[in-house]
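# I would like the atomic coordinates for the input below:
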Amino acid sequence: MDIISILKEDYQRFPVNQTYSIYAPDVYFQDAVFKFRGIQRYKLMINFIKVAFLNLKMDLHDIQSLGDTIKTEWTLSWNSPLPWKPRISISGWSELRLNSEGLIVSHIDYWNCSRLDVIKQHLFALKTAQ
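Below you'll find the model as predicted:
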């Protein structure tokens, strides 16, 4: 099975049963909140998402392979575990870089919104819930 097919399946069931074998042991990860290196820390982050976020849904809109880079476009949505359980949505894209063995050595997520926009989604939902 090729890496594009594996990634499509991983996105469909995110964050459950992810295929960690496609990542290099020292994979670099970065998004608007986290920045770290190592597959163990990556697994911890995915597990945190699995536990903390409710009704999580990852929609994959596009996936392209461009040489040693794979670009994905997606929307991640979930209900925040706050008492009023606001529905939060972040759209963005990921750039995954492959090494010579075909393993992902870098996974960088870019959001189409700011961290402040995400906080505002929580607060706006509180206003409408009252």
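# now do the helices in the protein.
3-13, 39-52, 115-129 (DSSP state H).
# what's the closest of those to residue 80?
Among the helices of the chain, helix 115-129 comes nearest to residue 80, with 5.9 Å by C-beta to C-beta. Heads up, the C-betas are built off the backbone N, CA and C, glycines and all.
# just the mean pLDDT for the closest one, thanks.
The pLDDT scores in helix 115-129 average 75.
# now swap in stretch 29-46 and tell me
pLDDT averaged over stretch 29-46 gives 96.
# now the terminal residues of that stretch, how far apart.
Start and end residues of stretch 29-46 are separated by 12 Å (C-alpha to C-alpha, to the nearest Å).
# mind listing what's buried in that stretch?
29, 31, 39, 42, 45 (16 or more other C-beta atoms under 10 Å).
# could you find the closest non-adjacent residue to the first one?
Read it as residue 29. What sits nearest to residue 29 in space, not counting adjacent residues and going by C-beta to C-beta, 6 or more residues apart in numbering, is residue 107, at 5.0 Å.
# I'd say that neighbour and residue 28 touch.
Yes - with contact defined as C-beta atoms under 8 Å, residue 107 counts as touching residue 28 (7.2 Å).
# just give the nearest non-adjacent residue to residue 41, would you?
Spatial nearest neighbour of residue 41, chain neighbours left out: residue 29 (7.4 Å); criterion: C-beta to C-beta, 6+ apart.
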